[in-house]
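Trainee: Quick one, structure for this:
(2 chains)
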Amino acid sequence: MSENIKTVESATCTFCGCVCDDMDLTIDMDEKKITKAKNACILGKAWFFEHTIDHDRPKAMIDGKEVPVEDAIEEAAQTLTKAKFPITYGLSDTTCEAQKEAVAITDLIKGCIDTTTSVCHGPSGMAFQGVGESTMTLGEVKNRADLVIYWGGNPAESHPRHFGRYSVMPKGMFVPNGKKDRHIVMVDVRKTKSAGVCDQFIQPKPGKDFELLWALRALVKGKKVSKDIEKITGVSLQTIEELVDRMKNCRFGVLFFGMGLTMTRGRHFNSGALLSLASDLNEFTHFVAKPVRGHGNVTGADNVVSWQTGYPFGVNFSHGFPRFNPGEFTTVDVLSRGDADAAMIIASDPASNFPKAAIDHMHRIPIISLDTKQTVTSKLAHVAFATSTYGINTTGTVYRMDDVPITLRPAFESPFPSDQEILVGIRKRVHELVKEKRNIQSGASA
Amino acid sequence: MTNELRIANGKVYDPANNIDGEVRDICVKDGRIVDSVSDSATVINAHGNIVMPGGVDIHCHIAGPKVNLARKLQPEDHRLDPHPATEHTRSGTGGIVPSTFATGYRYATLGYTTAFDAAVPPLAARHVLEELHDTPVIDKGYYILLGNNIFLQNLIKEGRKEELTQAVAWWLHASKGYTCKLVNPGGDEPWKGRKNSNVKDIDEKSDEFEISPRTIIDTFIDVASELGLPHPPHVHCNNLGHSGNFETTIETMKTAGDRRVHIAHIQFNSYAGEVGKNPLSAGREIIEYINDHPNISCDVGQVMFGKSTIMTADAPLAYMLKGYTHAKWVNVDTECESGCGIAPFNYQENIYTHALQWAIGLEIFLLSKDPWRVVLSTDHPNGGSFMSYPKLIKLLMDKSFRDEEMKRVNQKAMAKTFLGELDREYTLSEIAIITRAGPAKCLGLKNKGHLGIGADADITIYDEQDDKELMFNAPRYVIKSGHAVIADYEFTTDFYGKTLHSTQEYDPAIEDIIRPFFDDYYSIRFDNYAVSDAYLHDHEFIPAQKS
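Mentor: From the prediction side, this is the model:
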């Protein structure tokens, strides 16, 4: 280790949706390596410690050959402008500043913009549009919640500090004894590591979340539920009644839910049932719900796309204004149908996890990729940019899962440009090309 | 290179400078009004046109988490009102809560060049600034919610006035806010607590903090005066929306004594009748008090029929309305700072209460003796969209139009008001006051709302038309900071306005007192809370105005 050590206090970890902002980082500036990350969880430590600069990686490539960044920007802009149905996808692991540029480009090229929301909590977003949501910032859970229910997720492994920092362990204003003042319930089809932390574990049959939630809603509303509910859901009526009793009599209750609810059979109906349950309970006490969101800034992507277009994801500009239709304008659907004729993929790797039909189409069309590491997607890209990592190398704004925006405190500089810098370059060039195209068209028609 | 412009021969309405329809030239150089320009200046022939300062909206909800949630909540509303891109401008969606770009452009198409978002939890200030950056053309600022701030309530409870003043200054500095906003002061704790209840009287003390709304209001009026904030505390009174609430409103205004205070969307606080029953109008009682007390200013919060969205930091109010609509509802509790409620709503002509609310707003306007202190708002989008301002202006300027509209609404409600007896018709000069000069004066914006030398060159040029709704709906020119953003009814360029803020100096020692509270009760670190200047982009600091 060198003598050239720098420390950054109150830095933010952008790995998961917790976006914890209490990292005290120690950085070896000669080695360009983070050597200590106080307060980081196991995932955060991996995020910080394994971040190295790969000097051998070209900043930009066209068809696998290294090119100057300017040439790659030109090619990307040309490709996107020529396309009839371009799509922009990803955006969760980058800053809001970069996300704004991505929407601007997509508006100019009249393409589709979609984020990884469409394959994670998209159904929760659609449920929100149907029934609303009673929710909170995470500090309210820390200060007030005496009943915490997790549904369809495994935060101990996916969001390791969720329990410790926000929901189970912390002492708060009205729960001064922390966990002792709280009752923790886990509802999941699998008994995961998270169940060990809880006071109560409820294990419904797979695919029966909706039925269980609907039974809870019925009982909250004072309706009768048949004993057959146990056969359907795998949970006894007595357990359900006791849970309802606990929910109605807590002081501040919270329902956290994960992709075990949103991406199983029922999708947005499941999320809608849960959000409705939390809303219903406000007739008796104060109750809130919150999706436990994943990637660092997926919540920021939702926010940016919403304020710029009015819709949270799956937005199409082909008519010259934003239109929203999940299932039609969401990326898996657009690619699987073979509609897109170019794609710009930012900070995500769909080629490694999308359905086969979608990946097959990615091989048929020019892909522009921006990513900090080499991925399956960047390998098949026509134009591939290597970019710096948000939160470690670049500053910017990131939204925590509860919509609280935080400014990043980078640890050390990267030789690679940020997503935002590349996207600003592409946007400016696309703007010129669109203008030229418009002038040629109007000239031709004259 | 200088940018010079002469607006020639327009009929100028500039009430701040006592100009009432006089035909004259207005000269602009480098974004400001000047007394003369060179012969090489661009000339706009405004013969036959009305020239006014750009509109100033003192109270609307256009940016931040609650606005964005309301956008996401209503895809069905956007679908009906697309906002296509042009060669110069970005696309977006309209409806009752437009996307950011559509918001800025649509304000411009009404001749408005400045708007203030009225309710921002400081924890979300960073988000608000990001959205405002994407809200083109207009200058913008926001008021920060401090009336339910737990740290500050503890200081009030303990009588630590000096520290409270410093803490408010710190919060304004940290969040880049313009002034303090008090919404249902003292009501959040009971709402978030076990009973989901509310404070129901201005002198009711909360169980937790043992202070009453009156104490909170009184204290903040003093603090704002001490700091010389350009705009006094902007108060959303307790009991808003409830029958019989006018007494709370009068008590709130009495609390101020002869100190300055601004009552927000006062129409919603002007109801007689018994709690839980149909309201009656107390518009006359309220406006008479205001007429007699020059220290009070207000915006009306006019209800306009059609779609609205209830969007308020008064979370228990939104929950109450959910009980009427049985539709989707959003609640968001912001740690240590605020509550928030959102509910789509629709004001209907045939419903007694809605028609009464519409009439009460108009009564307040028409009985106002000092238009400088009773200014125009619909509390967008709560009482209706800002896009309905031209129709509201026509209602105020045209008695026969008002009479026709009155025939279309619930007649039982009309029978309980004296709106039909009011013959007043606002003049163009008075409209210029309630939409420009008045709000600018209330806000302490010395360079806005007028066309005197040194003012910001925010100018609107309308065709003179008999139908004032048509006239105010489509200005021929909108000039923002000297740039003709709209020329001959079309956008000619894109333009991004600036952020207006009153960031305060404070004694750094207060940070040592606030920091431990953050460590204990906030979920983000104290050092990550204050918003850096980088988020301000173009901005203007509005200095303290100590009397």
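
Trainee: contacts and neighbour counts: CA atoms only from here.
Mentor: OK.

Trainee: Now do A:Ile440, the pLDDT please.
Mentor: Note for A:Ile440: predicted pLDDT of 85.

Trainee: what does B:Gln357 give?
Mentor: At B:Gln357, pLDDT is 98.

Trainee: separation between it and B:Gln267?
Mentor: Taken as Cα to Cα, to the nearest Å, the spacing of B:Gln357 relative to B:Gln267 amounts to 7 Å.

Trainee: So for these two, which sits in the more crowded spot?
Mentor: Using other Cα atoms under 10 Å in any protein chain shown as the criterion, B:Gln357 and B:Gln267 rank with B:Gln267 on top: 34 against 27.

Trainee: A helix includes that one, no?
Mentor: Yes. Under DSSP: H, G, I helix; E, B strand; the rest coil, B:Gln267 falls within a helix.

Trainee: returning to what we had before: shared neighbours, B:Gln357 and B:Gln267?
Mentor: B:Gln302 (Cα atoms under 8 Å, 6 or more residues apart in numbering or on different chains).

Trainee: can you tell me which residue is nearest the centre of chain B?
Mentor: Compute the mean C-alpha point of chain B, and by Cα atoms, centre = their mean the closest residue is B:His59, 0.3 Å away.

Trainee: would that one count as being in a helix?
Mentor: No. Under three-state DSSP, B:His59 sits outside any helix and is assigned strand.

Trainee: dump the residue contacts of it.
Mentor: B:His59 neighbours (Cα under 8 Å, 6+ apart): B:Ala115, B:Phe116, B:Asp117, B:Ala118, B:Ala264, B:His265, B:Asp299, B:Ser377, B:Asp379, B:His380.

Trainee: In strands only, show me the residues you listed.
Mentor: B:Ala115, B:Phe116, B:Asp117, B:Ala118, B:Asp299 (DSSP state E).

Trainee: now those residues as a markdown table including pLDDT?
Mentor: Below are the ones in strands among the contacts of B:His59 laid out as a markdown table (pLDDT from 0 to 100):
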| residue | pLDDT |
| --- | --- |
| B:Ala115 | 98 |
| B:Phe116 | 98 |
| B:Asp117 | 98 |
| B:Ala118 | 98 |
| B:Asp299 | 98 |
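
Trainee: Show me which of those residues are buried.
Mentor: Buried subset of the ones in strands among the contacts of B:His59 (neighbour count, 16 or more other Cα atoms under 10 Å in any protein chain shown): B:Ala115, B:Phe116, B:Asp117, B:Ala118, B:Asp299.

Trainee: Got the confidence number for the residue nearest to the centre of chain B?
Mentor: 98.

Trainee: Apart from its neighbours in sequence, what residue is nearest whichever residue of the stretch 151-300 of chain B sits closest to chain A?
Mentor: Nearest residue of the stretch 151-300 of chain B to chain A, counting by Cα to the nearest Cα: B:Arg194, 4.5 Å away. Using Cα to Cα, 6 or more residues apart in numbering or on different chains and skipping residues adjacent in sequence, the residue nearest B:Arg194 is A:Arg251, 4.5 Å away.

Trainee: quick one: contacts for that neighbour?
Mentor: Shown in contact with A:Arg251 (Cα under 8 Å, 6+ apart): A:Arg144, A:Ala145, A:Asp146, A:Leu147, A:Thr285, A:His286, B:Gly193, B:Arg194, B:Lys195.

Trainee: tell me the two of those that are most distant?
Mentor: Among those, the pair separated by the greatest distance (Cα to Cα) is A:Leu147 and B:Lys195, at 15.4 Å.

Trainee: Neighbour count: those two, which is higher?
Mentor: A:Leu147 (23 against 16).

Trainee: The more buried one pairs with what?
Mentor: A:His183, A:Gly253 (DSSP bridges).

Trainee: For it, list the residues it contacts.
Mentor: Counted by Cα under 8 Å, 6+ apart, A:Leu147 has contacts A:Arg182, A:His183, A:Ile184, A:Val185, A:Met247, A:Cys250, A:Arg251, A:Phe252, A:Gly253, A:Val254.

Trainee: and the fourth one, what element?
Mentor: Secondary structure assigned from DSSP states H and E places A:Val185 in strand A:183-187.

Trainee: Need the contact partners of that strand.
Mentor: Applying Cα under 8 Å, 6+ apart, the set of residues contacting strand A:183-187 is A:146-152, A:168, A:194-195, A:197-204.

Trainee: avg pLDDT for it?
Mentor: pLDDT averaged over strand A:183-187 gives 98.

Trainee: Go through the next helix or strand after that strand and flag the buried ones.
Mentor: Proceeding N to C from strand A:183-187, the next assigned helix or strand is strand A:200-202, under DSSP H and E. For strand A:200-202, a neighbour-count test (16+ other Cα under 10 Å) marks A:Phe201, A:Ile202 as buried.

Trainee: Strand A:200-202: how far from the chain's middle?
Mentor: Strand A:200-202 sits 27 Å away from the centroid of its parent chain (Cα atoms, centre = their mean, to the nearest Å).

Trainee: The next helix or strand after it to strand A:183-187, inter-axis angle?
Mentor: Following strand A:200-202 in sequence order, the next helix or strand is helix A:209-220 (DSSP H and E). Helix A:209-220 runs at 140 degrees relative to strand A:183-187, counting by axes from the mean of the first three to the mean of the last three Cα atoms, to 10 degrees.

Trainee: And the very next helix or strand once past helix A:209-220, what does it pack against?
Mentor: Note on helix A:209-220: by DSSP H and E, the next helix or strand toward the C-terminus is helix A:229-233. Using 3 or more Cα pairs under 8 Å, 6 or more residues apart in numbering or on different chains; DSSP states H and E, the elements in contact with helix A:229-233 are helix A:209-220.

Trainee: avg pLDDT for the helix it packs on?
Mentor: Computed over helix A:209-220, the average pLDDT equals 98.

Trainee: elements contacting it?
Mentor: Here helix A:209-220 touches helix A:229-233, helix A:237-249, helix A:268-280, going by 3+ Cα pairs under 8 Å, 6+ apart.

Trainee: Convert it to CSV, retaining C-alpha atoms only.
Mentor: Extracted as CSV, the C-alpha positions of helix A:209-220 are listed here (Å, rounded to 0.1, in the frame of the first residue of the first chain):
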residue,chain,number,x,y,z
ASP,A,209,-49.9,-14.2,-2.8
PHE,A,210,-52.9,-12.5,-4.3
GLU,A,211,-55.4,-14.8,-2.6
LEU,A,212,-53.7,-14.3,0.7
LEU,A,213,-53.6,-10.6,0.3
TRP,A,214,-57.2,-10.5,-0.7
ALA,A,215,-58.2,-12.6,2.4
LEU,A,216,-56.3,-10.1,4.5
ARG,A,217,-58.2,-7.2,2.8
ALA,A,218,-61.5,-8.9,3.3
LEU,A,219,-60.9,-9.5,7.1
VAL,A,220,-59.6,-5.9,7.5
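
Trainee: Which of the contacts of A:Arg251 fall within strands?
Mentor: Counting by DSSP E, the part of the contacts of A:Arg251 found in strands is A:Leu147, A:His286.

Trainee: Among the contacts of A:Arg251, which one sits closest to A:Gln374?
Mentor: A:Ala145 (42.4 Å).

Trainee: my read: that closest one touches A:Leu255, true?
Mentor: No. Using Cα atoms under 8 Å, A:Ala145 makes no contact with A:Leu255, being 10.2 Å away.

Trainee: Tell me how many other residues crowd B:Cys340.
Mentor: Neighbours of B:Cys340 using other Cα under 10 Å come to 26.

Trainee: got a pLDDT number for it?
Mentor: Reading off the model, B:Cys340 has pLDDT 97.

Trainee: so what's the residue nearest to it when sequence neighbours are not counted up against?
Mentor: Excluding its sequence neighbours, the residue lying closest to B:Cys340 (Cα to Cα, 6+ apart) is B:Ala313, at 4.0 Å. For B:Ala313, the contacting residues are B:Ala119, B:Val183, B:Asn184, B:Ser338, B:Gly339, B:Cys340, B:Gly341, by Cα under 8 Å, 6+ apart.
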